[in-house]
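Engineer: dropping the sequence and predicted coords here.
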Amino acid sequence: MEGSADHRNVSNYEVLARYYDELLQDEEALSLWLEYIEKEPFHTVLELASGSGVMAGILKKKGYEIIASDISESMKEVSKANYDGEYLILNMTDYDLHRNFDLILCICDSVNYLYEEELNSFFACAYRHLNDGGRLIFDMHHPKRLEEFEEQYIEEGFVSGIPYQWTIQSDVYDSSISEHFTFYTKEGMIQENHYQNVFNPETVRKKMEPFYKVQMIEDFVEEEKILTVGYKL
């Protein structure tokens with residue numbers, strides 16, 4: 001693919017945010033999430049790593065009292081097309097909202113952006129913001145994804161009329177997945193890199209157990225996503 005000689009590298013979601021829904025939205029996973037959430041009597045919800053606000057918008061329309069949040073200002077900006085409620089900029093491992101929720105939700109493998117040493121802070125912070133009997137629910141990469149992307153995956157096409165290339169490759173020794181996006185815009189080539197850690201489910205369970213009764217559904221999306229539920233102790 002050809003672009004201008006000018007090029008630049010950007011931080012997470014600085015450019016990808018504007019193409020996120022068209023390029024990465026997973027309707028099947030959204031349906032599974034909604035089916036699971038609607039089985040339970042949740043009313044107040046804090047969503048972490050809300051991204052483009054699709055889930056927050058759906059839950060708000062269904063009558064949930066929801067606050068969305070993300071660390072990315074760019075994601076907050078594009079979320080206005082999907083969600084018209086409160087949207088906070090915060091770090092999922094360090095926040096203090098002075099209120100509690102029935103459910104704290106974190107989907108789309110967002111937890112995998114954390115390093116293993118940050119998981120304790122993530123679990124503790126959520127715990128402090130849950131009502132008695134509340135739940136922390138998140139998904140994370142299944143370890144099988146490391147095998148899936150051991151050979152580099154390459155996708156090319158057009159998104160919003162802009163040529164792009166998307167590559168994914170895992171490092172089985174480092175238990176990580178790297179994604180590289182290149183957008184060939186009129187202004188030049190823009191590159192954006194994303195790095196995620198793939199956790200051992202039993203390590204995650206042990207880190208959660210001081211705070212929660214833990215349930216894991218390892219085939220939530222077969223060999224792709226593990227659903228993890230923490231029941232506040």
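Structural biologist: It's in.
Engineer: tell me the contacts of the nearest residue to V54 once chain neighbours are set aside?
Structural biologist: Counting by C-beta to C-beta, 6 or more residues apart in numbering, V54 lies nearest to N82, which is 5.0 Å off, once chain neighbours are set aside. For the C-beta atoms, the positions are set from N, CA and C on the backbone; glycine is no exception. Shown in contact with N82 (C-beta atoms under 8 Å, 6 or more residues apart in numbering): D21, S52, G53, V54, A56, G57.
Engineer: name the member of these with the most neighbours.
Structural biologist: With neighbours taken as other C-beta atoms under 10 Å, the top of those is S52, carrying 30 neighbours.
Engineer: pLDDT score for the nearest residue to H43 once chain neighbours are set aside?
Structural biologist: Spatially, and ignoring its direct neighbours in sequence, H43 is nearest to D102 (5.5 Å; C-beta to C-beta, 6+ apart). Per-residue pLDDT puts D102 at 98.
Engineer: ok so D102 is a strand residue?
Structural biologist: Yes: looking at D102 with DSSP: H, G, I helix; E, B strand; the rest coil, it is inside a strand.
Engineer: list the helices and strands the helix or strand where S31 lies packs on?
Structural biologist: Assigned by DSSP states H and E, S31 belongs to helix 27-37. The helices and strands touching helix 27-37, judged by 3 or more C-beta pairs under 8 Å, 6 or more residues apart in numbering; DSSP states H and E, are helix 54-61, strand 130-141, strand 212-221.
Engineer: how far does it sit from the chain's center?
Structural biologist: 14 Å (C-alpha atoms, centre = their mean, to the nearest Å).
Engineer: just the angle between that helix and strand 212-221, please?
Structural biologist: Relative orientation of helix 27-37 versus strand 212-221 (axes from the mean of the first three to the mean of the last three C-alpha atoms, to 10 degrees): 140 degrees.
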